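1. this is the structure alone, sequence omitted:
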């Protein structure tokens, strides 16, 4: 017998019957994802070869250098002579003259300054330092062979060289420095220092007698003293030249050194700073000491 249309509506015999007790469908819980703020774009990096913009302000007028225009002309002329003549001569002096001989000349030149240094210590009420300077002069002028050897600074005497002069004494009594100057054969200075240094030089012939007025003795001493001073200041001169403004660098260096020297006249016996007393703090409970 053939299958009728009703056969197609009957389920297959091997199909599983529908479970009428199945659990009802549950929708998954709704998860709300917070909206994150959009990241702020980082600024583009500057290329390595790009140089930042540099704003150069106008030069500020320095009140203690009212003659700057004139000083700069003198400075440029002195620097030109130094590069062409003085610097090479000082370099030749350093190469030709052995170091022990150069040290002897240096000691001899400074030994001539001891008399006016002692006078100025006395004028500044530093009697002990004045007496020590006189002792230095006597020891080095005799045992040290006219100052060629600095015997006084060695053991057991231990009297070091201490610079001083009439310019320092003028500052000690409140005389202002006056305008800054840059003079040929002198270099950086001030009105007060020019007057004081002139008085220093006048005392030297009075202290050592006619020997200083003898050209055969005085001229070589002046020349070798100039070479010695140029060598001692070589690092300072080259440092100023390598700076952005050699004139300003040399001026500021000189004015700072002089200010510190003048301040040292009034505070020549600085009090030692006492270290703060640190008491032991007990370790809190529960904190390991390791």
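-> Yes, it's here. Just so we're clear, the structure is a prediction, and the values are computed from it rather than from any experiment.

2. which of the helices or strands spans the residue nearest to residue 225 when sequence neighbours are not counted?
-> Distances taken as CB to CB, 6 or more residues apart in numbering put residue 109 closest to residue 225, at 4.4 Å, once the chain neighbours are dropped. Glycine gets a C-beta too; all of them are placed from N, C-alpha and C. Assigned by DSSP states H and E, residue 109 falls within helix 99-111.

3. which outside residues touch the next helix-or-strand element following that helix?
-> Elements were assigned by DSSP H and E; along the chain past helix 99-111, the next helix or strand is helix 114-123. For helix 114-123, contacts defined as CB atoms under 8 Å, 6 or more residues apart in numbering pick out 127, 129-131, 133-134, 136-137, 140, 162-166, 168-169, 172, 199-200, 203-204, 207-208.

4. what of stretch 218-230?
-> Under the criterion CB under 8 Å, 6+ apart, residues 82, 86-87, 89-90, 93, 102, 105-106, 108-109, 112, 212 lie in contact with stretch 218-230.

5. quick one: residue 111 and residue 152, what's the gap?
-> Distance of residue 111 to residue 152, given as CB to CB, to the nearest Å: 9 Å.

6. same check on residue 136?
-> 4 Å.

7. residue 242 now?
-> Applying CB to CB, the value for residue 242 to residue 152 is 37 Å.

8. can you check residue 214 too?
-> Between residue 214 and residue 152 the computed distance is 26 Å (CB to CB).

9. so for the two, which residue has more residues nearby?
-> Legend: neighbour count by other CB atoms under 10 Å for residue 214 and residue 152, higher for residue 152 (24 against 10).

10. got the phi and psi for residue 182?
-> For residue 182, the backbone dihedrals (degrees, to the nearest 10) come out as phi -130, psi 110.

11. picking up where we left off before, now for residue 111 and residue 152: what residues contact both?
-> 140, 144.

12. quick revisit: so among the contacts of stretch 218-230, where is pLDDT lowest?
-> Minimum pLDDT for these is recorded at residue 212 (65).

13. tell me where this structure is predicted with low confidence.
-> Low-confidence segments of the chain (pLDDT under 70): 1-61, 209-213, 267-290.

14. before we move on, back to that, overlap of the contact sets of residue 136 and residue 152?
-> Residues touching both residue 136 and residue 152 (CB under 8 Å, 6+ apart) are residue 159.

15. what segments of the stretch 51-200 of the chain are strands?
-> 180-183, 187-190 (DSSP state E, counting those that start in this stretch).

16. just put those strands in JSON lines and tack on distance to residue 232.
-> Formatted as JSON lines, the strands of the stretch 51-200 of the chain follow (distance: least, CB to CB, whole Å):
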{"stretch": "strand 180-183", "distance to residue 232": "19"}
{"stretch": "strand 187-190", "distance to residue 232": "12"}
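
17. can you redo those strands as JSON lines with mean neighbour count and distance to residue 230?
-> Below are the strands of the stretch 51-200 of the chain laid out as JSON lines (neighbours: other CB atoms under 10 Å; distance: least, CB to CB, whole Å):
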{"stretch": "strand 180-183", "mean neighbour count": "20", "distance to residue 230": "16"}
{"stretch": "strand 187-190", "mean neighbour count": "20", "distance to residue 230": "10"}
